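J.: Task: produce atomic coordinates for the following.
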Amino acid sequence: MFKDYDQLSLSNDQANEKAKKLWEAESLGGMTEDNNRLPIPVLWLLILTVLTAFAVTFPLWGQRPNAQIYEGYVKAMDTPEVKAIQDDAAAMKKILEMNQDSPYRALLDRHPVTMDDLRVLKPQIDALIKQGVDLGEYTIVGNKVAQANFEGNFRPDGTRIRKQPWWDKGYFIDIFFIFFFFLGVVIVVKHLPAYGWQPRHDRDH
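T.: Got it, this is the predicted structure:
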């Protein structure tokens with residue numbers, strides 16, 4: 001099936017004949033080009049490259065740190081075990097050990113903090129905990145804990161959900177354009193003479 005498809009062209013015979021003459025007459029600066037398919041291994045490599053690029057830039061990987069992921073750290077600071085440690089490095093190591101099973105382990109690894117950072121963030125996070133708000137809606141911006149600027153769906157009480165979405169419009173636009181780019185390339189290539197024809201640049205015209 002694919003072999004037959006390769007012999008097809010989206011151009012009519014007249015356009016193909018004109019393209020063939022131009023192809024063989026053009027010196028291309030001394031270079032010559034054949035009319036071959038892109039090798040299948042190269043095609044798969046191209047697909048793998050595109051998929052890898054989208055995978056590593058997926059919105060979830062770029063999430064900003066929020067107050068919720070550090071809640072366990074803040075609570076650990078109040079434990080007798082941590083309070084008894086005078087050295088900051090040792091205290092931080094103990095806090096990390098106490099939060100090994102945190103559901104936010106991946107985010108914590110991507111957004112590490114020091115004891116000095118926690119000392120600045122702790123009063124702000126403690127205040128939010130007392131208010132009973134959703135810590136996931138508060139972003140860490142430098143040494144400040146601020147309400148996230150995301151505007152999601154409305155809750156029944158009229159307030160907005162302010163959590164970073166797992167998908168964003170920019171990512172959708174990227175996929176849209178990459179799809180139509182490759183579609184455009186395929187359409188252009190299929191307007192050329194079929195792969196069964198090969199140019200000979202030594203012909204006289």
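J.: now the strands: where do they sit in the protein?
T.: 138-141, 144-147 (DSSP state E).
J.: got these as a markdown table, with mean neighbour count columns?
T.: Every C-beta, even on glycine, is put in place using the N, C-alpha and C of the backbone. Formatted as a markdown table, the strands of the chain follow (neighbours: other Cβ atoms under 10 Å):
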| stretch | mean neighbour count |
| --- | --- |
| strand 138-141 | 18 |
| strand 144-147 | 14 |
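J.: Check which residues of the helix ranked longest in the chain are buried.
T.: When the chain is parsed with DSSP state H, its longest helix is helix 169-190. Residues of helix 169-190 classed as buried by neighbour count (16 or more other Cβ atoms under 10 Å): residue 171.
J.: Can you show me the CA trace of it as PDB?
T.: What follows is helix 169-190, C-alpha atoms only, in PDB (Å, rounded to 0.1, in the frame of the first residue of the first chain):
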ATOM      1  CA  LYS A 169      -2.900  27.100  26.300                       C
ATOM      2  CA  GLY A 170       0.700  27.700  25.200                       C
ATOM      3  CA  TYR A 171       1.300  24.000  25.200                       C
ATOM      4  CA  PHE A 172      -1.800  23.400  23.100                       C
ATOM      5  CA  ILE A 173      -0.700  26.100  20.600                       C
ATOM      6  CA  ASP A 174       2.700  24.400  20.300                       C
ATOM      7  CA  ILE A 175       1.100  21.100  19.400                       C
ATOM      8  CA  PHE A 176      -1.300  22.800  17.000                       C
ATOM      9  CA  PHE A 177       1.600  24.500  15.100                       C
ATOM     10  CA  ILE A 178       3.900  21.500  15.100                       C
ATOM     11  CA  PHE A 179       1.100  19.400  13.700                       C
ATOM     12  CA  PHE A 180       0.300  21.800  10.900                       C
ATOM     13  CA  PHE A 181       4.000  22.400  10.100                       C
ATOM     14  CA  PHE A 182       4.600  18.700   9.500                       C
ATOM     15  CA  LEU A 183       1.300  18.500   7.600                       C
ATOM     16  CA  GLY A 184       2.400  21.400   5.400                       C
ATOM     17  CA  VAL A 185       5.800  19.700   4.700                       C
ATOM     18  CA  VAL A 186       4.100  16.500   3.700                       C
ATOM     19  CA  ILE A 187       1.700  18.300   1.300                       C
ATOM     20  CA  VAL A 188       4.600  20.200  -0.300                       C
ATOM     21  CA  VAL A 189       6.700  17.100  -0.700                       C
ATOM     22  CA  LYS A 190       3.700  15.200  -2.200                       C
END
